[in-house]
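Colleague: Got a predicted structure here, sequence first:
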Amino acid sequence: MRKEITDMKLRDWIIVLMLVPCLAVGQQQQRASERFAQVRFAGVKTGITQSLPPIACWFWTDKEFTGDGFKTFIHRYGEHSSIGLITASLRHPGELTDPAVRDRIGRAARYAEAHGMGLVMDLDVRLARASFMQRFPDQLQELVLVREFSVTADGEAKLRVESPTFFDHYTHGRNPYAPVGSRLLGVYAYEKAHGLIKKGSIEDITASSTVATGPDYLDVTVGGAPAADGRTFCALVAVTLNTPDVFAQDLLDYQREIIRSYKESGLVGAAKDEWGFPGRVDPPMTDLWFSSAMAALYKKRNRNRDLSRDLLLMAIGEQGKEREREVAINHYMAINYERNAEIETDFYEAVKETFGQQAFVGTHPTWFPFPNSSELFKNGLNWWNSKRDLAQTDEATPFAARTALAKKWNSPVWYNMFYDPDVKTYARELWPAVLGGGRLNIHQPFPVEMETLDASISLLKGDLFAAIQRIQLLDYISASPVNSPVAVVFGHPAASNWSNGELFADVGLDLTNRFWEKGIYADLIPSTEIVNASLTVNAHGKVQYGPQQYEAVVYYHPEFDYPEVERFFDRAAHAGTSVLYRVGDKEVDFYGKPVRAKRKGGRVVGVEEAVNGVLDALKSVEGTVQTLGEIRGLASFPASVMPHASGHIRLLDGTYIIASGERQLMGDTIQRQLKVDGQSVAVDAIGVAGFRFDQKGDLVALACGGMKSFEAGNVSIRLPERMDVALIKDSDGWRGIVHGFEGPIPPDLAAFTANWTRVAVQEALTE
């Protein structure tokens, strides 16, 4: 086990990388330049125990299936970047169950291994939908369209319901989520008042209605409809789509079958990307997911009620049944959230069982990268309960969610998959990510023609990957995520329930934006993380999430929430250690029961008072203000507050990081004198400077891009030329890592240790 990591076969390297015992800092031998270095984090037993190499995305089109076309991406990224993990996905008509596709993926995995990279393939069941539909034709997803109509002037009551088709990244090069049939669930007649079904007026007239179907429509005719009797008619039409039912009884076994079929492929892990129902932007609440399996679960969970009938109640609403409607929506959205989380977790466990505990499981659960109605109807907003080895998001996901996911999955950093048609925009996202405790997962430029591999290769032509490699120095010195002293816990049921329009899809981003704007990092967490015992009150009385203890917690919109959430905040209030506020009051719980007991867990205030109260409470807490933020959007996605491209952060283990990339992609010059943990520090570097002291005040970790000098206490480093350097100390002594340096180690660095790892910085592509 004393050989350098990159001498090993890649599968052995991944074992070292992830979760099993491996080389400790200080046991490495000095060698010639390597592709990347790995550092074992002493004392870390869960989550990511090793520093990770950079990650990039690869999308397979026809070119990857033509000749040796799959070699181009691997060859280019191997020569011109320090990428160590590639997450790949099919954008090709073939399916994961096709032997030819499986063979091609295996060849690519072995070729990537030979070039020092690990291939992580997207093995989602949506990439094998045709096979699923052939084997399980009665287990496909349905969408119920609730459509009102009335009697026409000639006395006819007739409705045509067009069947919708949906598209996403999984339909590129293959069939969309197209209708394969439709059926009538029911037809009702009623009177309306104030937009609701008038009390006592509803009548089931399904038996007197006739149906005619076509390939993409269904006609409903009400027989003997009285002319203009003032009633409204409503048809519930279930459209079947060619994608597996989320609640299908054979779905988990099918998912595992696909994963097991790739056991000998050479993959170092598997990915599941943007799982959930077919995505719909701003979906109407009259188009609701449905299936027989879903209805059976709903009936069991919600007092033996009929889901097909309750869909009308949920979509339109009935006078005198307001409470029933609220509870019906609570249960409907909860089973969607829980089932999608169950599928994600089973995928994670299946990958580990198939490829070994060392296997890597990615990528992001976020589809529409914002916690709004689109995402609620996609997956129930289950981001925090979608198990991964690394916190991953994409596009414009709010930073408050990114940092919270890092706490949930014990990630030293979060990775955000990012793309833009302009290569220059990647630089704009790179440095704010660092100052939010994260990194970029490089996606090819998009939207462009995916068949154009040049778009992906073009990223290698500038300094983007050299800048990423400089930032990677920080990954060697700490296993801790960024410190967030504040938690905003939003009521998950309230945000999921559209019966109250003021609460629906509001998760408290106004609060997190206000905090991040002032440099107070706040984690955004759903209250269901209390129900599943991920958010706790620790032995010191602090509210805690993963490794993060919170100085202040704001409970946002408690209406409809679970009783155990109320009990949690009562315990936190009794402990009296974390400052507690709540925005909004609570009249009924998840089950529709009135809440009469006096609430102890935090004073009820408005947003303004909550922000000011938390800010006042944090004035006495040292180091809570980090990099200031600004509200910014990406493409057409909603905006949220992100850190500036220059500033500082503190990690949970005390590591202090300065980063600056406002003007230069490779980083701006940092020349600072400051005081940290009682130590006077002077640093001259470029882009990044990170350091940590132990309880005695001694330096134990240092990473600087373009270091010229560093002084702190009895440490004085002055270099004859700028260098990218990291120094890490543990019980075995110091270890050094240098990027892109081939000469003799300068005396001020050699004085620390003779144990140095040299990492090559690949030249940019010039073709």
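Modeller: Received, thanks.

Colleague: Poorly predicted segments of the stretch 151-300 of the chain, please.
Modeller: 225-228 (pLDDT under 70).

Colleague: which residue ranges form the helices in it?
Modeller: 251-260, 292-301 (DSSP state H, counting those that start in this stretch).

Colleague: Can you report how many residues neighbour Gly690?
Modeller: 27 (other Cβ atoms under 10 Å). Every residue, glycine included, has its C-beta placed from N, CA and C.

Colleague: which residues touch the helix or strand hosting it?
Modeller: Using DSSP states H and E, Gly690 falls within strand 688-693. With contact meaning Cβ atoms under 8 Å, 6 or more residues apart in numbering, strand 688-693 is reached by 434, 470-471, 473-474, 477-478, 653-659, 667, 670, 672, 676-677, 679, 681, 683, 699-705, 707, 710, 712-713.

Colleague: just how off-centre is it within its chain?
Modeller: Relative to its chain's centre, strand 688-693 lies at 28 Å (Cα atoms, centre = their mean, to the nearest Å).

Colleague: Just checking: what are the partner strands of the following helix or strand past that strand?
Modeller: Scanning forward in sequence from strand 688-693 by DSSP H and E, the next helix or strand is strand 699-712. Counting by DSSP bridges, the strands paired with strand 699-712 are strand 679-686 (antiparallel), strand 688-693 (antiparallel), strand 715-730 (antiparallel).

Colleague: Deepest in the core, which of those is it.
Modeller: By mean neighbour count, with neighbours taken as mean count of other Cβ atoms under 10 Å, strand 688-693 ranks first of those at a mean of 25.

Colleague: Export it to CSV, keeping only CA atoms.
Modeller: Extracted in CSV, the C-alpha atoms of strand 688-693 (Å, rounded to 0.1, in the frame of the first residue of the first chain):
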residue,chain,number,x,y,z
VAL,A,688,-6.8,31.0,-3.5
ALA,A,689,-5.2,30.9,0.0
GLY,A,690,-6.4,28.5,2.7
PHE,A,691,-5.0,27.8,6.0
ARG,A,692,-5.8,26.2,9.4
PHE,A,693,-4.3,26.4,12.9
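
Colleague: hang on, the earlier thing: could you give me the PyMOL syntax to select whichever of the contacts of strand 688-693 are buried?
Modeller: To isolate the buried members of those in PyMOL, using 16 or more other Cβ atoms under 10 Å:
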select buried, resi 434+470+471+473+474+477+478+653+654+655+656+657+658+659+667+670+676+677+679+681+683+699+700+701+702+703+704+705+707+710+712
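
Colleague: where along the stretch 251-400 of the chain do the strands fall?
Modeller: 269-271, 287-290, 360-362, 392-394 (DSSP state E, counting those that start in this stretch).

Colleague: so what does the first one touch, helix or strand wise?
Modeller: Read it as strand 269-271. Under the contact definition 3 or more Cβ pairs under 8 Å, 6 or more residues apart in numbering; DSSP states H and E, strand 269-271 sits against strand 85-90, strand 118-122, helix 322-355, strand 360-362.

Colleague: Could you rerun that using 7 Å?
Modeller: strand 118-122, helix 322-355, strand 360-362 (3 or more Cβ pairs under 7 Å, 6 or more residues apart in numbering; DSSP states H and E).

Colleague: ditto for the second one
Modeller: Based on contacts counted as 3+ Cβ pairs under 7 Å, 6+ apart, the elements that strand 287-290 packs against are strand 140-149, helix 307-315.

Colleague: Same list, these, but as TSV with mean neighbour count please.
Modeller: Formatted as TSV, these follow (neighbours: other Cβ atoms under 10 Å):
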stretch	mean neighbour count
strand 140-149	21
helix 307-315	21
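
Colleague: closest to Asp250 out of the ones you listed?
Modeller: Proximity to Asp250, assessed across the helices and strands packed on strand 287-290 by Cβ to Cβ, is greatest for strand 140-149 (11.5 Å).

Colleague: Listing partners with orientation, what would you give for the closest one?
Modeller: strand 232-244 (antiparallel), strand 287-290 (antiparallel).

Colleague: Can you list the neighbours in contact with the last one?
Modeller: Going back to what we said before, that points to strand 287-290. Glu142, Leu143, Val144, Leu145, Ala238, Phe277, Leu307, Leu311, Met314, Ala315, Asn336 (Cβ atoms under 7 Å, 6 or more residues apart in numbering).

Colleague: Take the strands paired with strand 699-712 and write them to TSV, including mean pLDDT.
Modeller: Shown next, in TSV, are these (pLDDT from 0 to 100):
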stretch	mean pLDDT
strand 679-686	97
strand 688-693	98
strand 715-730	97
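
Colleague: Ok, which of the ones you listed comes nearest Glu375?
Modeller: Comparing these by Cβ to Cβ, strand 688-693 comes nearest, at 32.9 Å.

Colleague: rewinding a little: need the strands paired with strand 699-712 in TSV with distance to Asp389, can you?
Modeller: Output for the strands paired with strand 699-712, formatted as TSV (distance: least, Cβ to Cβ, whole Å):
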stretch	distance to Asp389
strand 679-686	31
strand 688-693	23
strand 715-730	22
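
Colleague: Of all those, which one comes closest to Val543?
Modeller: Judging those by Cβ to Cβ, what sits closest to Val543 is strand 688-693, at 25.3 Å.

Colleague: Same list, the helices of the stretch 151-300 of the chain, but as CSV with mean neighbour count and distance to Phe504 please.
Modeller: Shown next, in CSV, are those (neighbours: other Cβ atoms under 10 Å; distance: least, Cβ to Cβ, whole Å):
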stretch, mean neighbour count, distance to Phe504
helix 251-260, 18, 28
helix 292-301, 17, 20
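
Colleague: Between those helices, which one is closest to Thr97.
Modeller: helix 251-260 (6.8 Å).

Colleague: Measure how far the closest one is from the centre of its chain, please.
Modeller: With Cα atoms, centre = their mean, you get 23 Å for helix 251-260.

Colleague: Alpha carbons of that helix, as PDB, please.
Modeller: In PDB, the C-alpha atoms belonging to helix 251-260 read as follows (Å, rounded to 0.1, in the frame of the first residue of the first chain):
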ATOM      1  CA  LEU A 251     -39.800  -0.800 -10.800                       C
ATOM      2  CA  LEU A 252     -37.200  -1.400  -8.100                       C
ATOM      3  CA  ASP A 253     -36.400  -4.900  -9.300                       C
ATOM      4  CA  TYR A 254     -36.100  -3.600 -12.900                       C
ATOM      5  CA  GLN A 255     -33.800  -0.800 -11.700                       C
ATOM      6  CA  ARG A 256     -31.600  -3.300  -9.900                       C
ATOM      7  CA  GLU A 257     -31.600  -5.700 -12.900                       C
ATOM      8  CA  ILE A 258     -30.200  -2.900 -15.100                       C
ATOM      9  CA  ILE A 259     -27.500  -2.000 -12.600                       C
ATOM     10  CA  ARG A 260     -26.500  -5.700 -12.100                       C
END
